[in-house]
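Visitor: any chance you can model this:
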Amino acid sequence: MSPTLYVILLAFVAGMGGLLFGYETAVISGTTEALQAHFQITDLQLGWVAASALAGCVAGVLVAGWFADRFGRKAGMIVSGVLFALASIGAAVAPNVDVLIAARLIGGVGVGIASMVTPLYIAEISPPAVRGGLVSLNQIAIVTGMLFAYLMNRSIVGWGDQAWMNVSGWRWMFGMMLAPSAIFLLLSLFVPESPRWLAQRGFLDRARDLINRIATPDRSKEAFDAIITSLAEAEGTVGELFRPGARGITFMSMVLALFQAFTGINIVMYYAPRIFLKAGLAASDAYGHSILIALVMIAATAVSLVLVDRVGRRPIILTASAGMGISLLLMGLVYPRGDEAAAPLSILPAWVVAHQGMILLLCTLSYVSWFSMGMGGIYWVVVSEIFPNRIRGRAMALSVVFLWIGNFLVTQYYPVMLSRLGGDSFFVFAAACLACLVFVAACVPETKGRSLESIEAEFFGHPGSA
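Guide: As a prediction, the model looks like this:
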């Protein structure tokens, strides 16, 4: 098997963690009505059922950084597979809401671990020329997992009436994650460990053998020597991320993570049915519209995968930030308002007002396409590349935990924003996109086509190869 094909195969296996990540976060959208009816819970309790997975994500990321550096990237994938399986079983058989929440927390921990370990593993096995595209495969896997959840939800709804859904249907929705979880767990047992982690832990022969399999003969010795050089010093500590000259890149990764959340993707992922209802379209088939969103996101992520190693990280994310901001601005302008807040509509042409529902839908699809092409995938590429080999897992966790905190805050408080601001809430997120564009232009470096060791040498002063 050629080195390129072998690396792609390993990336696909690791990407299954992203698929389960997507399924676990999206499946809840099809169960909320049934859960509330079955367990007789309040809106506040239902909100915690949904948000508990995000709380688990934060915990998972905090554990994953230390775990991945101590026990390996492969071990992290195995643990996340086990947690996904346990979460699926626990949610499917939950006798009460407390057990359901516990299962959601466990699944969230799995998502947190997978969200960090999967792109980290792919970045460390990939040659520089294709690393961005292969890491972007993880984002395609995440959105594919969401699509899988939406398709399963739509299919299961057709198995019975609402009474059946309230008793049993929602259990099948959660339970459908068990099969892919088992497959991911099984395949993870057979993939090799990251060569950089093997070298870090002193398994030099195993690291050299693996590099010979994933790199071309003319590059394998150079790649191995660069790894050894970057690991020559004593094992690093997280403290070195905040020393003068290095702290800027560390804080950049944290702020970039917050922008991935604050530019508004969760207002679509969690509240799209409400947006479509205002557009006059959701009553026909809310599940179908969610599927449409996922399909558009997959297509846009595929475009990003092709471009990221050709055009570069910065140009894509800058263009996409502008696209997201314009889409959100248009969503705010055409969002249906009552007579007391109809002023924005008065500046729009009559034909726009007449078709504002469909235009709102198109703007929503435009927004998710730009997000998927830019912040959705490029964030994971950048954050998996910029930190030193010796502490990459823990360092990456510092950034990813900010992402999940941002996601939690947006998900928790957007309903309040929507009730108080209505369509003007989209202007808030459009402004965040503008701020993101300025921040990326000023602070985010380009890493296209460079080895991880040369990136480390520039940002953290360690020796590496060009």
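Visitor: for the stretch 301-450 of the chain, what spans make up the strands?
Guide: Assigned strands in the stretch 301-450 of the chain: none (criterion: DSSP state E, counting those that start in this stretch).
Visitor: the stretch 51-200 of the chain too?
Guide: Going by DSSP E, counting those that start in this stretch, the stretch 51-200 of the chain shows no strands.
Visitor: surely I291 and Y150 touch.
Guide: Yes: look at I291 against Y150 with CB atoms under 8 Å: they come within range, at 4.8 Å. Placement of C-beta: from N, CA and C, glycine included.
Visitor: more neighbours: which of those two?
Guide: Taking neighbours as other CB atoms under 10 Å, I291 and Y150 compare with Y150 leading, 26 against 18.
Visitor: quick one, what contacts the more buried one?
Guide: 26, 29-30, 287, 290-291, 294 (CB atoms under 8 Å, 6 or more residues apart in numbering).
Visitor: equivalent analysis for P244, please.
Guide: Counting by CB under 8 Å, 6+ apart, P244 has no contacts.
Visitor: can you classify it as helix, strand or coil?
Guide: coil (DSSP: H, G, I helix; E, B strand; the rest coil).
Visitor: just the pLDDT at it, thanks.
Guide: We note a pLDDT of 73 for P244 in this prediction.
Visitor: returning to that earlier point: which one of the contacts of Y150 is nearest to I140?
Guide: The closest of those to I140 turns out to be A294 (CB to CB; 10.9 Å).
Visitor: what sits closest to the closest one if chain neighbours are left out?
Guide: L147 (3.7 Å; CB to CB, 6 or more residues apart in numbering).
Visitor: which one of the contacts of Y150 has the most neighbours?
Guide: Busiest of the contacts of Y150 [other CB under 10 Å] is S290, holding 26 neighbours.
Visitor: nearest spatial neighbour of I249, chain-adjacent residues omitted?
Guide: F459 (4.7 Å).
Visitor: the helix or strand in which the one you found is found packs against which elements?
Guide: Assigning secondary structure by DSSP states H and E places F459 in helix 452-460. For helix 452-460, the packing partners by 3 or more CB pairs under 8 Å, 6 or more residues apart in numbering; DSSP states H and E come out as helix 217-230.
Visitor: and the helix it packs on, how far out from the chain middle?
Guide: Relative to its chain's centre, helix 217-230 lies at 31 Å (CA atoms, centre = their mean, to the nearest Å).
Visitor: contact partners of the next helix-or-strand element following that helix?
Guide: Next along the chain after helix 217-230, taking DSSP H and E as the criterion, comes helix 247-262. With contacts defined as CB under 8 Å, 6+ apart, helix 247-262 is touched by 241-242, 375-376, 379, 382-383, 386-387, 395-396, 398-403, 405-407, 409-410, 429, 432, 435-436, 439-440, 443-445, 459-460.
Visitor: remind me which residues of the stretch 251-400 of the chain are low pLDDT?
Guide: 270-288, 337-357, 389-390, 393 (pLDDT under 70).
Visitor: sorry, back to before: can you select the buried ones among the contacts of helix 247-262 for me in PyMOL?
Guide: Those of the contacts of helix 247-262 that count as buried under 16 or more other CB atoms under 10 Å are selected in PyMOL with:
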select buried, resi 241+375+376+379+382+383+386+387+395+396+398+399+400+401+402+403+405+406+407+410+429+432+435+436+439+440+444+445+459+460
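Visitor: okay, and which of the contacts of helix 247-262 map to helices?
Guide: 375-376, 379, 382-383, 395-396, 398-403, 405-407, 409-410, 429, 432, 435-436, 439-440, 443, 459-460 (DSSP state H).
Visitor: circling back to that earlier point, how far away is the residue nearest to I249 from D98?
Guide: Distance of F459 to D98, given as CB to CB, to the nearest Å: 46 Å.
Visitor: who's in contact with S126?
Guide: Per CB under 8 Å, 6+ apart, neighbours of S126: 7, 11, 134-135, 214.
Visitor: tell me which of those residues is nearest to W164?
Guide: When the contacts of S126 are compared against W164 (criterion: CB to CB), the nearest one is A11, at 40.2 Å.
Visitor: so what's that closest one scoring on pLDDT?
Guide: 88.
Visitor: so it makes contact with L137?
Guide: Yes: between A11 and L137 there is a contact under CB under 8 Å: 5.4 Å.
Visitor: intersection of neighbour lists for those two?
Guide: I122.
Visitor: what's the separation between the closest residue in space to G312 that isn't next to it in sequence and M269?
Guide: Nearest residue to G312 in three dimensions, chain neighbours excluded: K448, at 4.2 Å (CB to CB, 6+ apart). Distance, K448 to M269, by CB to CB: 29 Å.
Visitor: equivalent analysis for A179, please.
Guide: Taking CB to CB, one finds A179 at 24 Å from M269.
Visitor: G202 too?
Guide: 43 Å.
Visitor: check contacts around G160.
Guide: Contacts of G160 (CB under 8 Å, 6+ apart): 168-169.
Visitor: swap that for V111, please
Guide: Contacts of V111 (CB under 8 Å, 6+ apart): 20-21, 24-25, 53, 56-57, 60, 80.
Visitor: need the buried ones from these selected in PyMOL.
Guide: In PyMOL, this line selects whichever of these come out buried by 16+ other CB under 10 Å:
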select buried, resi 20+21+24+25+53+56+57+60+80
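Visitor: pLDDT value on P415, please?
Guide: pLDDT, P415: 67.
Visitor: tell me the contacts of M375?
Guide: With CB under 8 Å, 6+ apart, M375 has these contacts: 259-260, 263, 265, 317, 320-321, 324, 436.
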